[in-house]
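Participant: prediction below, plus the sequence it came from.
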Amino acid sequence: MAKLTIEGLKKIRANAKKATVLREGGETVKITVHMGTCGIAAGAREVMDSLLEELAESDRQDIRIVTSGCMGMCSSEPNVTVEIQDHDPVMYEDMDRNKMRQVFKRHVLLGEVQSDFALARIK
């Protein structure tokens, strides 16, 4: 068994803190990738992969990513809903890797809704 180092312990602590924040509801952003069979067939897994890559690069601990089933709008899949605390949720349609990266960088991180990809604002 390898010996633990101070750096190793700090890494374990940081990972535990991230997990605890999410369980306690400390997030301020929730991103839902709609992954019903129609969404997956349309590319939702690739959208999810790019989203997870962007999240890892951002090192933000207040963002929660979840999946859901089909929302009944198969012709606009893959769909992603972004909910930011104190703002109306926005649903995006026809997402792909590049669009997801743009939505993450501009909407999630900077607060700029990407109207070109938006299907609806939910009130």
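Facilitator: That came through fine. Residues are numbered from 1 along each chain as shown.
Participant: assign Val113 to helix, strand or coil.
Facilitator: Look at Val113: counting by DSSP: H, G, I helix; E, B strand; the rest coil, its state is coil.
Participant: for Arg101, that is, sorry about that
Facilitator: Classified using three-state DSSP, Arg101 is helix.
Participant: from Ile12, how far out is it?
Facilitator: 30 Å (Cβ to Cβ, to the nearest Å). Placement of C-beta: from N, CA and C, glycine included.
Participant: same check, this time on Ala41
Facilitator: In terms of Cβ to Cβ, Ala41 sits 39 Å off from Ile12.
Participant: which residues does Ala120 bridge with?
Facilitator: In this structure, Ala120 bridges to Met91 when assessed by DSSP bridges.
Participant: need the pLDDT of it.
Facilitator: For Ala120, the model assigns a pLDDT of 74.
Participant: what number of residues are in the vicinity of it?
Facilitator: When counting by other Cβ atoms under 10 Å, one arrives at 14 neighbours for Ala120.
Participant: looking at it, His107 is touching Gln114, isn't it?
Facilitator: Yes: taking contacts as Cβ atoms under 8 Å, His107 lies within contact range of Gln114: 5.5 Å.
Participant: and these two? Which one has more around it.
Facilitator: His107 (23 against 16).
Participant: wait, is the more buried one part of a helix?
Facilitator: Yes: under three-state DSSP, His107 falls within a helix.
Participant: OK, contacts around it?
Facilitator: 82, 84, 90, 113-114 (Cβ atoms under 8 Å, 6 or more residues apart in numbering).
Participant: the helices in the protein, which residues?
Facilitator: 6-23, 37-42, 44-58, 97-102 (DSSP state H).
Participant: now Glu112, nearest residue through space, not along the chain?
Facilitator: Leaving aside its sequence neighbours, Glu112 sits nearest to Arg106 (Cβ to Cβ, 6 or more residues apart in numbering; 4.5 Å).
Participant: hmm, the one you found is touching Gln114, no?
Facilitator: Yes: with contacts counted by Cβ under 8 Å, Arg106 reaches Gln114, the gap being 5.8 Å.
Participant: pLDDT weak spots in the protein?
Facilitator: 1, 17-26, 123 (pLDDT under 70).
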